[in-house]
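**Q** Okay, here's the prediction I keep looking at, along with the sequence it came from:
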Amino acid sequence: MFNCDTMEFEVQTLFEEFENSYAPHEGQVFQTLDEAKEFYRDYGRVMGFGTTIRSTQKIKRGIDKPDTCVLSCERYGHHKKVDKPQDNNFEKSVGKKRNTSTIKCGCKAQLRLSKMDDDKWIVVKFDKTHNHNFVTPSKRFRMRINRSMPKGAKDSGCQSFRRRRCFLSDWRVAC
């Protein structure tokens with residue numbers, strides 16, 4: 001017999017065990033910044049939130065590579081509201097952005113990294129407090145983080161996709 005309450009409890013327990021064992025922690029060391037980014041991106045993908053690079057900082061002058069990096073939930077911060085023009089004067093509305101929907105809600109979740117002397121990266125701060133719900137597993141394929149196409153697929157598949165697209169666009173123009 002199938003019991004939804006028991007199943008939900010088991011899923012929640014597995015989710016908590018995963019979060020406790022796989023979550024980043026202060027003092028965790030990564031060999032490269034790319035490795036740290038990929039780890040946090042994968043962690044966010046499994047947990048149900050998207051990630052973004054909030055900031056990088058170059059402390060030492062003359063070096064092109066960053067010394068600190070803050071990775072955060074893609075819902076950090078707030079959308080800047082733009083004043084709508086009061087009248088229909090075109091000159092006043094130049095430079096104004098149109099009002100768009102946003103997913104930003106002031107989430108504080110972040111992973112702060114700092115570069116050590118041996119060019120490894122260490123987690124200085126990890127805040128996992130989100131002020132929003134996570135994306136459910138059935139809808140995670142829609143997340144921005146899952147929309148990227150692997151490099152191998154781009155190299156092999158895009159050429160045929162572009163050819164098919166050009167053919168279809170030529171066909172539409174001919175009609």
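**A** That came through fine. Since the model is a prediction, treat every value here as computed from it, not as a measurement.
**Q** ok, the closest residue to D127 other than its chain neighbours - how many residues close by?
**A** Setting aside the residues directly before and after it, D127 is nearest to Q110 in space (C-beta to C-beta, 6 or more residues apart in numbering), at 5.2 Å. In short, each C-beta sits where N, CA and C put it, glycine included. The number of residues packed near Q110 is 19, by other C-beta atoms under 10 Å.
**Q** Quick check: bridge partners of Q110?
**A** Beta-bridge pairing for Q110 (DSSP bridges): S72, D127.
**Q** That one and T129 touch, don't they?
**A** No: in this structure, Q110 is not within contact of T129 by C-beta atoms under 8 Å, at 9.5 Å.
**Q** Next one, pLDDT for the nearest residue to Q31 once chain neighbours are set aside please.
**A** Nearest non-adjacent residue to Q31, counting by C-beta to C-beta, 6+ apart: K120, 6.0 Å away. As predicted, K120 sits at a pLDDT of 90.
**Q** Equivalent analysis for V29, please.
**A** Here the pLDDT value assigned to V29 is 91.
**Q** again, but for I59
**A** pLDDT, I59: 68.
**Q** what do you get for T32?
**A** Listed pLDDT for T32 reads 90.
**Q** I'd guessed it sits against K115; true?
**A** No: look at T32 against K115 with C-beta under 8 Å: they stay out of range, at 10.1 Å.
**Q** between these two, which one's more packed in?
**A** Shown here are T32 and K115; by other C-beta under 10 Å, K115 has more neighbours (18 against 11).
**Q** Number of residues surrounding the closest residue to that one other than its chain neighbours?
**A** In this structure, K115 finds its nearest non-sequential neighbour in D67, 4.8 Å apart by C-beta to C-beta, 6+ apart. When neighbours are counted by other C-beta under 10 Å, D67 registers 15.
**Q** Let me see the domain layout of the protein.
**A** 4-142, 150-175 (automatic domain parsing).
**Q** and those, which one is worst for confidence?
**A** Lowest mean pLDDT within the domains of the chain: domain 150-175, a mean of 50.
**Q** The residue nearest to K115 and T56, how far apart?
**A** Distance from D67 to T56, counting by C-beta to C-beta, to the nearest Å: 8 Å.
**Q** do the same with P66
**A** Separation of P66 from T56 (C-beta to C-beta): 4 Å.
**Q** cool, T68 as well?
**A** Applying C-beta to C-beta, the value for T68 to T56 is 7 Å.
**Q** T68 pairs with what?
**A** For T68, the beta-bridge partners are Q57, S114 (DSSP bridges).
**Q** Does it touch K115 like I think?
**A** Yes: contact criterion C-beta under 8 Å: T68 and K115 qualify, at 7.0 Å.
**Q** okay, and the common contacts of the two?
**A** Counting by C-beta atoms under 8 Å, 6 or more residues apart in numbering, T68 and K115 have no common neighbour.
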